[in-house]
Every structure is written in C-alpha cells, then in structure tokens.
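# Okay, predicted coordinates and the sequence, questions at the end:
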Amino acid sequence: MYDIIIIGAGAAGMNAALYALRNGKSVLLFEGDAIGGQISNSPKVENFPTIPAISGSEFADKFFDQITEHGAEFEYDQVKSVQKTGSFFTVKTDYSTYEAKSVIAAVGVKHKHIGVPGETSLLGKGIYYCALCDGPFYKDKEVVLIGDGNTAMQYAIVLSNICSKVYLLTWMDKFFGDKALEKVIRNKPNIVHMPNTQTVAFHGEGGLTAVEDLDKISGENKLLNITGAFVAIGQVPENEQFAHLAKLDNAGYFIANEQDMSTSTPGFFVAGDCRAKKMRQLATAISDGALAAVSACNYIEKLG
Ligand SMILES: Cc1cc2nc3c(=O)[nH]c(=O)nc-3n(C[C@H](O)[C@H](O)[C@H](O)COP(=O)(O)OP(=O)(O)OC[C@H]3O[C@@H](n4cnc5c(N)ncnc54)[C@H](O)[C@@H]3O)c2cc1C
C-alpha cells in the first residue's frame, strides 16, 4: 500500500512527487510515454526562474534525478484504470495492480489532430506531431508546419535549422504566441509564412506526397508537393478513464478546486495541464503539483 500514486511524470507529476516525498510519504510514480512529458519536446526553455536557458530534455532528466534521489519509486507503465473501494484506491496497468491511500492524476494533454482525410493513415509516414523528435528525418528537405501558437513557432525555428525550407501554414494572418518567437521567425529566410490557410487533406499511399490547402482569401485549393508535415495546433486532455472520479468540463479537462486541487472524489487530486485553467506552462504545472501533493498528504493524515 503506497501513500500516494502519481500518474504522469511530467512537470506536475514530478513536482507532486518531490513535495510528497519531502513530507515523508511513500510515492509510486507512473509514466506511460516520455519522462518529462511535453517539456521534453521543447528545444529551449527560457522562462523558468534562475535558469536562463535549458533544453526541455535536460530539464526533465534533472528533475527525474532529483525525485529519484529523494526516494521516488517509478514504473514505466500506462495506467489503465483507477477505482476507489472504501477508503483506498486500486490502480491497474495491463500487467499489475497497485494500492494507494491517495491518487494524483497529472496526465497532461496530447496532440490535437486536424481531422482531415489522410491524417490518420499517414501518421508516422510523413505526418508528425513532434518536430524535435522527427524533424531530423527531413534534413535539407522541404516541410510543412501547421499551427500558429508558441509550440508551432518553436517547431518552425527548430525545423528551419534542419530543413531547406519550412512552409508555415496559419489559419489566420497572425500568430498567437510570443512576440520574441515571431521576430525570430520573420528573420529566418527559409521560413515561408502562408497565412489564411486551411489544410483540407493529406495525400499519399504508404507515405505523404502532398498537402492540400485551401487559400481562405482566394478560395482556391493548392497542392504542396512535400513528404513531411508537422502538426502543432494545440492539445487535448485524455481524461475519460477518470471521469467517474472527477468532473470534466466541456473540453474534457478535470475540474479541480483551485485552493487544493481536490476533485469530487475525496483522495483523488489532479494537477497540471490536464485540469481546467487559463494558462498551461511549466510554472503553473509545477504549482499545481505542489498543491496537489500537500493536499494529498493532509488527506492521508486525516485518514489516520
Ligand atoms: C514543444 C513545447 C514547448 C514548450 N515550451 C515551454 C516553455 O518554454 N516554457 C513553459 O513554461 N512551458 C512550455 N511548454 C508547456 C509545458 O511543457 C507544459 O505546460 C507542462 O510541461 C505541463 O506539464 P504536465 O505535467 O501538466 O503535463 P505533461 O507534460 O503533458 O505530462 C503528463 C505526463 O503524463 C503521462 N501520462 C498520461 N496518461 C498516463 C497514464 N494513463 N499512465 C501513465 N502516464 C500517463 C504522459 O505520457 C505525460 O508524460 C511547452 C510545451 C510544448 C509541447
């Protein structure tokens, strides 16, 4: 029986682990994909206090070392279900079952898909969601990048340093991210901004051969003959398997008490990008993780 099981080793989950361990609690942390979560895909983090610049993967590695040094137990496994029976929680993966007095879900968000023909069948065969992971496949080649926020802008810069040309397709005629990133993009000669552009289909059999776009001003469809496309149009939560434990808003995000990260199930707390909030960044994920952990510790003390 663990004191606290934490699902997700992103910034929120790892900070929850740090706070719980320093409170003397036993902690088991699950991660089903990449340690560090989303931030491990960031080429450069420049807005974390006291660290002028660090790569996302180095940030994740250092954080993971810190919590394991504090005694966190770790399982590289996807949590499939959580049930509360009496006062305790049963957490199941495909192969094992675990018990805990409290659970913190810090499960983050996943990449949003455009939902156009060809996207699913060409996934991994020319269509990608992580420029840092898959950009190097397109060294000295032309690629398309779809998106207009901070992630898309960061990816455009990463790709411009690898690829010969980056067609940056945005839904409107402006970006919705940091002005500093926009300035870098505008000064990159191999980034071609295509505003007011809607991607309507991906073409290819067994591999991407072209991206079909609608020019929303002229009303004309255009084909970009290209073998690599990166999609960065935002994220969605994947919280459905926990919906019996915590209420979800219309977009599927957990609804938590802002004061303590509690949910409608006593002992089940949430933290980070997976919950309904106004800003999803490292700073807010880490704050949520600390709050959720301290609240879980208080809850366990009251259980006796
Ligand atoms: C490219 C990029 C660049 C960014 N740059 C910055 C930046 O410079 N500064 C900044 O402040 N923020 C940045 N962000 C945002 C920041 O990364 C996130 O806000 C923050 O990392 C969210 O942390 P999280 O722990 O809530 O969620 P996530 O990082 O999404 O972590 C959740 C983890 O839970 C795991 N998980 C989910 N379900 C399960 C399950 N059932 N079982 C086991 N594990 C599970 C996932 O695999 C994931 O690793 C960036 C994001 C991206 C994508």
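Great, that's in hand. Numbering: from 1, shown residues only.
# residues near the residue of the stretch 201-304 of the chain found nearest the ligand, how many?
The nearest approach of the stretch 201-304 of the chain to the ligand comes at G272, 2.2 Å away (C-beta to the nearest ligand atom). C-betas here are computed from N, CA, C, even on glycine. Number of residues near G272 (other C-beta atoms under 10 Å) recorded here: 33.
# do G234 as well
Neighbours of G234 (other C-beta under 10 Å): 14.
# Backbone dihedrals for it, both of them.
When read as degrees, to the nearest 10, the backbone of G234 gives phi 120, psi -170.
# circling back: what separates the residue of the stretch 201-304 of the chain closest to the ligand from I7, distance-wise?
G272 is 11 Å from I7, where distance means C-beta to C-beta, to the nearest Å.
# A helix includes I157, no?
Yes - secondary structure of I157 (DSSP: H, G, I helix; E, B strand; the rest coil): part of a helix.
# Check whether it really touches V184, as I assumed.
Yes - using C-beta atoms under 8 Å, I157 is in contact with V184, at 5.7 Å.
# average model confidence for stretch 22-30?
Averaging pLDDT along stretch 22-30 gives 97.
# picking up where we left off before, helix/strand/coil for the closest residue in space to the residue of the stretch 201-304 of the chain closest to the ligand that isn't next to it in sequence?
Nearest residue to G272 in three dimensions, chain neighbours excluded: A12, at 2.7 Å (C-beta to C-beta, 6 or more residues apart in numbering). Using three-state DSSP, the structure places A12 in helix.
# what's A12 in contact with, if anything?
The neighbourhood of A12, defined by C-beta atoms under 8 Å, 6 or more residues apart in numbering, consists of A106, G108, A271, G272, D273, C274, A285, I286, D288, G289, A292.
# Assess the claim that the third one and S295 are in contact.
So the one you mean is A271. No - using C-beta under 8 Å, A271 is not in contact with S295, being 9.6 Å away.
# neighbour count winner among these two?
A271 (34 against 23).
# quick revisit: now, the contacts of A12 that are in helices?
By the criterion of DSSP state H, membership of the contacts of A12 in helices covers A285, I286, D288, G289, A292.
# Could you give the number of residues near the second one?
It stands for I286. Neighbour tally, I286, other C-beta under 10 Å: 22.
# any chance you could map the helices in the stretch 101-250 of the chain?
Remark: helices assigned in the stretch 101-250 of the chain by DSSP state H, counting those that start in this stretch are 131-134, 150-160, 179-186.
# on that earlier part again, touching, the residue of the stretch 201-304 of the chain closest to the ligand and G13? I think so.
Yes - the criterion here is C-beta under 8 Å, and G272 meets it with G13 at 7.1 Å.
# list residues touching both of these two?
A106, G289.
# will you turn the contacts of A12 into TSV that also has distance to L245?
As requested, the contacts of A12 are arranged in TSV below (distance: C-beta to C-beta, whole Å):
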residue	distance to L245
A106	14
G108	17
A271	14
G272	16
D273	18
C274	12
A285	20
I286	23
D288	17
G289	18
A292	14
